[in-house]
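J.: Using only what follows, build the 3D model:
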Amino acid sequence: MKDLKLITTKDSSHSLFVPALNETYHSTYGAIQESMHVFIHHGLYYWLANRSSSSVKLLEVGLGTALNALLTYLTSLKEQVVIEYTGLEPYPITWEYAQQLNYVTRIVEREKQFTQEHLLKTFKKLHQYTGASLCKLSTYFFFQRIELLLEDFFAPTSSFDIIYFDTFAPNKQVALWQFDLLQKVYQMMKSKGIWVTYCAKGQLKRDLRQLGMHVETLSGPPGKKEMVRAIKK
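T.: Next comes the predicted model:
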């Protein structure tokens, strides 16, 4: 993706603004706090608290800046849980843009057990690894980036425990929020798998319920009233 503008959100972490879409990659109220709230706390930690398995298979639709992936990597180390992370991103940002993001610095300020060098090395791999199979980034974290549209991506039925659905908003990327693609992702999920997103549109919730999922409307991150978590029955 080209012609991006670096911005600072209200929690002092960076995001990127896309002039062509008039949209940002994260909430302007706080990139890191949004990712932690929606995807780590209400996604990954919820799954860990309610499942007995010591491993997780996770698909992110919309890898973007790889912030969710980096935070998930940290969680895998702290909780000592094996995570196989597939990030779907048809329009990856270049390292030229990614290296300007201050996520590593902000995280190191808060997570004293991690060094700048360690996290920067990992963050760079999240942006530059393009192998055909999962890459081992630690004892607990295995990563793969796939540069395909969701329409062109295929995985076996019941492949994933967790879905991070983090594409641009429904009014910016209409096709990705249509029922047929939601159904496609649903079929990739395991029974009792969870699906989380920052979006809480009424049509989205109706579509997820039509698929047979249990839909929860949760409090959103700062600056956003609500978010959605759905569980496959």
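
J.: quick one: the helices in the protein?
T.: Using DSSP state H, the helices of the chain run over residues 31-35, 46-50, 67-79, 95-98, 103-110, 116-128, 179-188, 202-210.

J.: Which strands or helices does the last one pack on?
T.: For helix 202-210, the elements it packs on are helix 179-188, strand 213-219, strand 226-232, judged by 3 or more C-beta pairs under 8 Å, 6 or more residues apart in numbering; DSSP states H and E. Backbone N, C-alpha and C define where each C-beta goes, glycine included.

J.: For Val82, which of those is the nearest?
T.: helix 179-188 (19.3 Å; C-beta to C-beta).

J.: Tell me where this structure is predicted with low confidence.
T.: By pLDDT under 70, the low-scoring segments of the chain are 1-2.

J.: Just send the helices of the chain back as JSON lines, with mean neighbour count too.
T.: Output for those, formatted as JSON lines (neighbours: other C-beta atoms under 10 Å):
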{"stretch": "helix 31-35", "mean neighbour count": "25"}
{"stretch": "helix 46-50", "mean neighbour count": "14"}
{"stretch": "helix 67-79", "mean neighbour count": "21"}
{"stretch": "helix 95-98", "mean neighbour count": "15"}
{"stretch": "helix 103-110", "mean neighbour count": "16"}
{"stretch": "helix 116-128", "mean neighbour count": "16"}
{"stretch": "helix 179-188", "mean neighbour count": "16"}
{"stretch": "helix 202-210", "mean neighbour count": "15"}
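
J.: Save these as a markdown table, and put in distance to Phe153 too.
T.: Output for those, formatted as a markdown table (distance: least, C-beta to C-beta, whole Å):
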| stretch | distance to Phe153 |
| --- | --- |
| helix 31-35 | 22 |
| helix 46-50 | 22 |
| helix 67-79 | 17 |
| helix 95-98 | 22 |
| helix 103-110 | 26 |
| helix 116-128 | 18 |
| helix 179-188 | 8 |
| helix 202-210 | 19 |
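
J.: Out of these, flag the one nearest Asp152.
T.: It's helix 179-188; of the helices of the chain, that one is closest to Asp152 (C-beta to C-beta) at 10.7 Å.

J.: Hey, what's the angle from that closest one to helix 202-210? Just curious.
T.: Using axes from the mean of the first three to the mean of the last three C-alpha atoms, to 10 degrees, the direction of helix 179-188 lies 40 degrees away from that of helix 202-210.
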